[in-house]
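> After the sequence you'll find the predicted model.
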Amino acid sequence: MSLTTAQPAGPGPGAGAPRRDLRSGSLPRYFPAALLASSAAVVAGVLLAFSSFGFVLWAVLTALSYTVIVVAASARVESGRKAVDRLVTSLVYICFALAMLPLVSVLWTVLGNGLARFDGYFLSVSMNGVLPSMDAGGAYHAIVGTLAITGMATLISVPVGVMTAVYLVEYARGRMKRTIMFFVDVMTGIPSIVAGLFVVALWIILFGPGNTNGAAGALSLAVLMIPVVVRSSEEMLRLVPQDLREASYALGVPKWRTITKVVLPTSAAGLTTGIMLAIARVIGETAPLILTAGSSAVSINWNLFDGQMMSLPVFIYSQVRMGGAVNYERAWAAALTLILVVMLLFFLARMIGRLFAPKSR
Amino acid sequence: MAKRIDVSGLHVYYGDFLAVEDVSMTIEPRSVTAFIGSSGCGKSTFLRTLNRMHEVTPGARAEGKVLLDDMDIYAPDVDPVLVRSEVGMVFQKANPFPTMSIYDNVLAGARLNNKRMSKAAADELVEDSLRGANLWEEVKDRLNKPGSGLSGGQQQRLCIARATAVKPSVLLMDEPCSALDPISTLAIEDLIHKLKEDYTIVIVTHNMQQAARVSDRTAFFNLSAPGKPGKLVEMGETNKIFTRPEKKDTENYITGRFG
């Protein structure tokens, strides 16, 4: 079976002066797919013959043999440039697969372990009055806490973050601007537990020891969230063309109205995405919430200012620490819930972004 | 409502760099004045000082006098925002607001300033402005569609409609046709002819045929050498500038011998 078309030898037809041949040989279009399938089959066969079949080994050997053969074939039939192209294409795909591996693995594991306990009952009851080892109870109080604390953190950090970004892009100049940007970058690097300790210390000064509550947790998350919101909003505001600002000024519109009615609406879709990413960044934070909102709350508490509040990451942590089989099941189910909440938020962000996005027709 | 502009001894700086040196000129009301000259000679910079748009660029400042009728727009108690509602501007690149419909784009000047307006008055202003910009017939059935869906020439006429809807007395145009095809250019030039009955129009152009076609008076700007500030070389009736210029530089430029 011939998979290749031969490269024509010598210069093409043309009388007298040597003419450059613009044609080059090429592997048939189905070649890569066919080669991949056959090398996968052959490697599987060989491994089975040696009865040492392992999924990872099989994938690695397949990728390796495919890359070697496709590059060799391409170098033989096509040109050196195309061989390099095929080599790099293979490498890029392999890297993509490597990058996807942990993601798929995490989702698979969480789904596999979490589905055992993930049901309407788990989502709708708290741990109030449930002994840790009992086959009962759920994460409703943790969901409530996560939503309340993250919501409050968002309420604090979005106005602060977006307005800081507006200041940086529209007003700040020179040293002031560089200083603020430097401190925003420093804030991005604050370890989350330090943010938690900071708020605990603040609460002790303000309200005395032992009085931490959900609001303290929200504030510590806001400390972590603000720099993320500032940086992403800043990028989005810079993307708004200067033309539009000038068009607005030329109509006799003051600067503040230009910002609120032209710049912010034009970048609304990007701002929403940035805010959602910031929420996703903090919704899984555990350490500051253990320090601030507490890790032993078992009942439903919507009030940020009254007593301890459970949240999904802390719920996972405390269940794992209890160590029983049913506790592990609860932890996995809560992890699944947390992932679903984040996915739901991203979905919402996409919808909102689409709603705001400038339409062309 | 058209107003005369008197400029005397105007210097424009970018930081320490003198970009335009000592310009004095009179721009007549109800006429079209064209600025010509090679790239970088400061004609756009000078144009932007006529409604204080240059102040948007960090470090840019102007010294001298610009009288709008008898009002000095650089007087200390003058608000640049109010100057710009009196002296409108159309840019090189058509820039309708992407978040707004055609209808809202025309009303942008009023809406962005939160002017209260009845629905009927708004409809009338939109129709008048779009008719004034020769665009009404083309867009009357899709006023609620986004402005960015129009062709380049239509977008530019939409921007002109948006600029005239705030009822300025002067309209500055910074190379309004440089990104347009000949047919759209013709549409804009026809529009300029029509608009000069009501407005004082200043247009910057690289196209000398266009300057000859649309303008009543022409000003030629030039640099004495690269890196030196731009200067007003000569200004006069368009006919005269293009047939019997007084300065050698002007003649060289319009006959295409340099620049």
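That came through fine.
> going forward, measure contacts between C-alpha atoms and count neighbours the same way
Will do.
> List the contacts of the helix or strand B:Ile183 falls within.
For B:Ile183, the host element (DSSP states H and E) is helix B:182-195. With contact meaning CA atoms under 8 Å, 6 or more residues apart in numbering or on different chains, helix B:182-195 is reached by B:Val32, B:Gly132, B:Ala133, B:Asn134, B:Gly153, B:Gln154, B:Arg157, B:Cys177, B:Ile201, B:Val214.
> cool, and stretch B:105-114?
Under CA under 8 Å, 6+ apart, the answer for stretch B:105-114 is A:248, A:251-254, A:257-258, A:261, B:96-97, B:104, B:122, B:125-126, B:129-130, B:147, B:158-159, B:161-163, B:165-166.
> Which parts of the stretch 1-150 of chain B are helices?
B:43-49, B:80-86, B:102-106, B:108-112, B:119-132, B:136-139 (DSSP state H, counting those that start in this stretch).
> Tell me if I'm right that A:Arg354 and A:Ser267 touch.
No: using CA atoms under 8 Å, A:Arg354 is not in contact with A:Ser267; the gap is 11.8 Å.
> Neighbour count for those two, which is higher?
A:Ser267 (22 against 13; other CA atoms under 10 Å in any protein chain shown).
> What distance do you get for the more buried one to A:Val229?
14 Å (CA to CA, to the nearest Å).
> Over to A:Gly196?
Taken as CA to CA, the span from A:Gly196 to A:Val229 is 19 Å.
> and the two? which has more neighbours close in?
A:Val229 (30 against 27).
> Share the number of residues neighbouring the residue in the stretch 1-150 of chain B that chain A sits nearest to, please.
Residue of the stretch 1-150 of chain B nearest chain A, by CA to the nearest CA: B:Ser85 (4.1 Å). B:Ser85 has 23 neighbouring residues, counting by other CA under 10 Å.
> cool, and B:Thr49?
Residues near B:Thr49, counting by other CA under 10 Å: 22.
> list the contacts for the residue nearest to it when sequence neighbours are not counted?
Closest residue to B:Thr49 apart from its sequence neighbours, by CA to CA, 6 or more residues apart in numbering or on different chains: B:Ala62 at 7.0 Å. When the contact criterion is CA under 8 Å, 6+ apart, the partners of B:Ala62 are B:Leu10, B:His11, B:Val12, B:Tyr13, B:Thr49.
> ok, back up a step: take the helices of the stretch 1-150 of chain B and lay them out in TSV including mean pLDDT.
Compiled in TSV, the helices of the stretch 1-150 of chain B are given as follows (pLDDT from 0 to 100):
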stretch	mean pLDDT
helix B:43-49	91
helix B:80-86	90
helix B:102-106	93
helix B:108-112	87
helix B:119-132	91
helix B:136-139	90
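> Mean neighbour count, those helices: which tops it?
Highest mean neighbour count of those: helix B:102-106, a mean of 27 (counted as mean count of other CA atoms under 10 Å in any protein chain shown).
> Near chain B, which residues of chain A are found?
Neighbours of chain B within chain A, by CA under 8 Å from any CA of the partner chain: A:243-244, A:246-254, A:257-258, A:261-262, A:265-266, A:357-361.
> Surely B:Val170 is in contact with B:Ala2?
Yes: counting by CA under 8 Å, B:Val170 touches B:Ala2, with 6.2 Å between them.
> quick one on the thing from earlier: please pick the buried ones from the residues of chain A next to chain B.
Listed as buried from those are A:243-244, A:246-254, A:257-258, A:261-262, A:265-266, A:357-359; burial here means 16 or more other CA atoms under 10 Å in any protein chain shown.
> ok so, going back, most neighbours among the contacts of B:Ala62, which one?
B:Val12 (25 neighbours).
> Please identify which pair of the contacts of helix B:182-195 lies farthest apart.
B:Val32 and B:Gln154 (21.7 Å; CA to CA).
> Those two: which is more packed in?
B:Val32 (26 against 23).
> so what's the more buried one bridging to?
Assessed by DSSP bridges, B:Val32 has beta-bridge partners B:Ile201.
> What's the per-residue pLDDT of it here?
pLDDT, B:Val32: 94.
> thought it was touching B:Glu197?
No: if you go by CA under 8 Å, B:Val32 and B:Glu197 don't touch, sitting 9.7 Å apart.
> State the distance from A:Pro241 to B:Ala94.
12 Å.
> Compare these two and say which is more crowded by neighbours.
Counting neighbours by other CA under 10 Å for A:Pro241 and for B:Ala94 shows that B:Ala94 has the greater number, 25 against 12.
> Let me see the contact set for that one.
Shown in contact with B:Ala94 (CA under 8 Å, 6+ apart): B:Gly152, B:Gln155, B:Gln156, B:Cys159, B:Pro176.
> which residue does the stretch 251-361 of chain A bring closest to chain B?
For the stretch 251-361 of chain A, CA to the nearest CA, closest residue to chain B: A:Gly252, 4.1 Å.
> Now for residue 99, how many residues are close by?
Just going to use chain A. Neighbours of A:Ala99 (other CA under 10 Å): 11.
> Hmm, no, I was thinking of chain B.
23.
> Per-residue pLDDT of it, please?
What the model reports as pLDDT for B:Thr99 is 87.
> do the same with A:Ala9
Reported pLDDT for A:Ala9: 49.
> next one: A:Ala136
Reading off the model, A:Ala136 has pLDDT 84.
> next one: B:Ala75
The model's pLDDT for B:Ala75 equals 89.
> Any figure for the gap between it and B:Pro168?
From B:Ala75 to B:Pro168 the distance is 20 Å (CA to CA).
> For these two, indicate the residue with more neighbours.
Counted by other CA under 10 Å, B:Ala75 and B:Pro168 do not tie: B:Pro168 has more neighbours, with 23 against 11.
> count of neighbours near A:Leu35?
Neighbour number of A:Leu35 under other CA under 10 Å is 17.
> now could you export just the CA positions of the helix or strand hosting it as CSV?
Taking DSSP H and E as the definition, A:Leu35 sits inside helix A:31-49. Output of helix A:31-49 as CSV, limited to C-alpha atoms (Å, rounded to 0.1, in the frame of the first residue of the first chain):
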residue,chain,number,x,y,z
PHE,A,31,-2.1,9.9,6.9
PRO,A,32,-1.9,11.4,10.4
ALA,A,33,-5.2,10.0,11.5
ALA,A,34,-4.5,6.6,10.0
LEU,A,35,-1.0,6.6,11.5
LEU,A,36,-2.3,7.5,15.0
ALA,A,37,-4.9,4.8,14.9
SER,A,38,-2.5,2.1,13.6
SER,A,39,0.3,3.0,16.1
ALA,A,40,-2.2,3.0,18.9
ALA,A,41,-3.4,-0.5,17.8
VAL,A,42,0.2,-1.8,17.3
VAL,A,43,1.4,-0.5,20.6
ALA,A,44,-1.6,-2.0,22.4
GLY,A,45,-1.0,-5.3,20.6
VAL,A,46,2.7,-5.4,21.6
LEU,A,47,2.0,-4.5,25.2
LEU,A,48,-0.7,-7.1,25.5
ALA,A,49,1.7,-9.7,24.0
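> Please spell out which residues along it are buried.
Quick answer for helix A:31-49 (16+ other CA under 10 Å): A:Pro32, A:Leu35, A:Leu36, A:Ser39, A:Ala40, A:Val43, A:Ala44, A:Leu47.
> Could you single out the nearest of these to chain B?
Lowest distance from chain B to those (CA to the nearest CA) belongs to A:Pro32, with 42.1 Å.
> Contacts only, for the closest one.
A:Val70.
> And B:Leu172, by the same measure?
Counting by CA under 8 Å, 6+ apart, B:Leu172 makes contact with B:Leu47, B:Val87, B:Gly88, B:Met89, B:Val90, B:Ile201, B:Val202, B:Ile203.
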